[in-house]
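> Here is my input; please provide its structure:
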Amino acid sequence: VFYFKRDDSEPDISVFLESEDEECAEGLENIRGANIKRLTDNVEAWFGYSILTSQLLQELSPSCYLSQIPEQREWEGKSHFDVFEPLMKELAKKGHRVTVISHFPQKKLFPNYEDVNLKNTAPILVNTFQMEDIKYSRFQRYYEVIFLSNLGVSTCLDAYSAPELKTFLKTEKTFDLIIVEFFNCDCFLGLVHKLKSPFIGMTTSAMLPWNNVKLGNPTNPSYIANAFLPFTDKMWFLERLENAALSIFQDVIYGYSMDVENYKIAKSVFGDNLPPLREIAYNASLLLVNSHFSLNRPKPLVPAVIEVGGIHIGKPKQLPQAFAKKHIDKWHEISQRPKHCIAEELKILRSTVDGVLD
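Purely as a prediction, here's the structure:
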């Protein structure tokens, strides 16, 4: 969750929503292109001095197909934080005061960056599976939303039991803008309501089906594929039927399981006067989505939904010259060999490179 502050006036979030023929069109293009430097330059101009960044992370990578992952309710993964961290650090470098609520505190002091540490409230799993091991059946695609719902409940319970978060909730700090992750639980929207600040959502994956309604984004299943299905915008009848059925099923699980359980937890923390979490979510001014039309296919998006795919990708580090020359020469050597030999050679070379990089 990010908060921005301007001392002389209220933050003007509507600048994100201008049409492309307005002066901010160039900035919008840079945001859609996920250029961190330009994004933070614009954020600095639009919002001013202080940001509270409270990103309460869950456990999954941005992939939507995670069917073979064991259902462990009390674990947190670093992949989500890896999307937020570069942006938060860049904002701190620009002079914003950033407070981050996460399971991954900085190992070294970082200027303008403050941690609210949730570490040790839940097991942290990193590099626990190989992408090639992930397989999914039709049943597992439907079960995924139930898995995420259950996991979201345990995430809420773990986070709100953390001593540092309890201390933070007792403070009287005020902030001007919040950026909160929209994933598998909304219980942290109670914090948004408590601070009474405008807020922005951000998702570290492609657009999840239950987030569309929060921004009024179109979800017509006849040509917009569900993120949990391997379909495109060109679907035949049975694919459209399954696409619609899964979307309805997910809405039901979200409305009658995920939302209900999260609301109970949030009320236990913030009191019975807390409005429904869905109503709080409807007040989101913007949603930044970690997707890009070149990878996730073009989809209709309202102006409040902006694709920032790749925002976490930094400049590549230079390989040591001796290492690079040795292995580039090896690639050239392999390319000259018969095709039936290349696969085995590449496997050996890959294991060598992975060993060095690790």
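> Assign Asp115 to helix, strand or coil.
What DSSP: H, G, I helix; E, B strand; the rest coil gives for Asp115 is strand.
> What is the burial count for the closest residue to it other than its chain neighbours?
If the residues on either side of it in the chain are set aside, Asp115 comes closest to Pro105, at 3.9 Å by Cβ to Cβ, 6 or more residues apart in numbering. To be clear about C-beta, it is placed using only N, CA and C from the backbone, and glycine gets the same treatment. By other Cβ atoms under 10 Å, 15 other residues sit near Pro105.
> where exactly do the helices run in the protein?
For the chain, the helices defined by DSSP state H occupy 25-32, 36-47, 78-93, 138-160, 163-169, 189-195, 212-215, 237-253, 259-270, 277-281, 293-296, 321-335, 339-357.
> The residue nearest to Asp115: what's it in contact with?
Contact analysis of Pro105 by Cβ atoms under 8 Å, 6 or more residues apart in numbering lists Asp115, Asn117, Lys119.
> Quick one, which of these are buried?
Buried by 16 or more other Cβ atoms under 10 Å: Asp115, Asn117, out of those.
> Which one of the contacts of Pro105 is nearest to Tyr160?
Using Cβ to Cβ, Asn117 is the member of those that lies nearest Tyr160, at 14.2 Å.
> The closest one pairs with what?
On the basis of DSSP bridges, Asn117 is bridged to Ser102.
> Is it in contact with Glu164, as I believe?
Yes. Look at Asn117 against Glu164 with Cβ atoms under 8 Å: they come within range, at 5.1 Å.
> how about Leu229, what does it touch?
So Leu229 contacts Arg141, Glu239, Glu242, Asn243, Leu246 (Cβ under 8 Å, 6+ apart).
> Distance-wise, check the fourth one relative to Asn212.
Pointing back at Asn243 there. Asn243 is 14 Å from Asn212, where distance means Cβ to Cβ, to the nearest Å.
> The first one too?
Going from Arg141 to Asn212 by Cβ to Cβ gives 18 Å.
> What does Ser285 show for phi and psi?
phi -90, psi -20 (degrees, to the nearest 10).
> per-residue confidence at it?
As predicted, Ser285 sits at a pLDDT of 91.
> Give me the neighbour count for it.
17.
> repeat for Pro298
If we define neighbours as other Cβ under 10 Å, then Pro298 has 9 of them.
> what residues are up against it?
Asp233.
> again, 7 Å this time
Residues near Pro298 by Cβ atoms under 7 Å, 6 or more residues apart in numbering: none.
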